[in-house]
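Peer 1: One predicted model, sequence on top.
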Amino acid sequence: MNASATLLPAVVRPAVEDRHWLSSDHCAAPVLDLLDGLGWAIVETREANIHMTSPEGGVYVGWLPEDPSAWAREIVWRVQVLPADGEAWVQEFGVHTPSEAVAGFLAALVAHSSR
C-alpha cells in the first residue's frame, strides 16, 4: 500500500539540544514541582525517599531512590491509584525513566480525573 506524501503525518525532528530530557538525570524536580503546585501532600523520609498523596487521597506517588525493595525490582517511581468506584492499579517506572516523562504521565492522569 502506498500513501501520498500529503496524507502522511509530518516528521517532527527536534533540535538535538531539545532532547536532553530523553534520558534520566535522576532528579525528581519535575514531578515534585507539578504535584506541589497542585496542592499534594509531600513527605520526605530520612532516607531521601519522597511520598506524595493527592488532596482527596486517591492517588499516591512514591519517589523511591533509596528503597531496597524498589531497587530490587529496578524501579524508582511508583504511582498507585485507588479509584472510589473501581479496581486499584499501579504503574511503576524504572530508574532510567526521565522525571519529565513521569510528570507528563501524572499531568495527563490529573487532567483526566478533573473532567
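Peer 2: Sure thing, it's come through.
Peer 1: how about low-confidence regions in the protein?
Peer 2: 1-25, 114-115 (pLDDT under 70).
Peer 1: just the strands in it please.
Peer 2: 41-44, 50-53, 59-63, 75-81, 89-94 (DSSP state E).
Peer 1: possible to save these as TSV with mean neighbour count and distance to A29?
Peer 2: From N, CA and C alone the C-beta is placed, and that goes for glycine too. Shown next, in TSV, are the strands of the chain (neighbours: other Cβ atoms under 10 Å; distance: least, Cβ to Cβ, whole Å):
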stretch	mean neighbour count	distance to A29
strand 41-44	12	12
strand 50-53	18	11
strand 59-63	21	10
strand 75-81	19	13
strand 89-94	13	15
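Peer 1: could you dump those strands to a markdown table with distance to F105?
Peer 2: Below are these laid out as a markdown table (distance: least, Cβ to Cβ, whole Å):
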| stretch | distance to F105 |
| --- | --- |
| strand 41-44 | 18 |
| strand 50-53 | 14 |
| strand 59-63 | 10 |
| strand 75-81 | 7 |
| strand 89-94 | 7 |
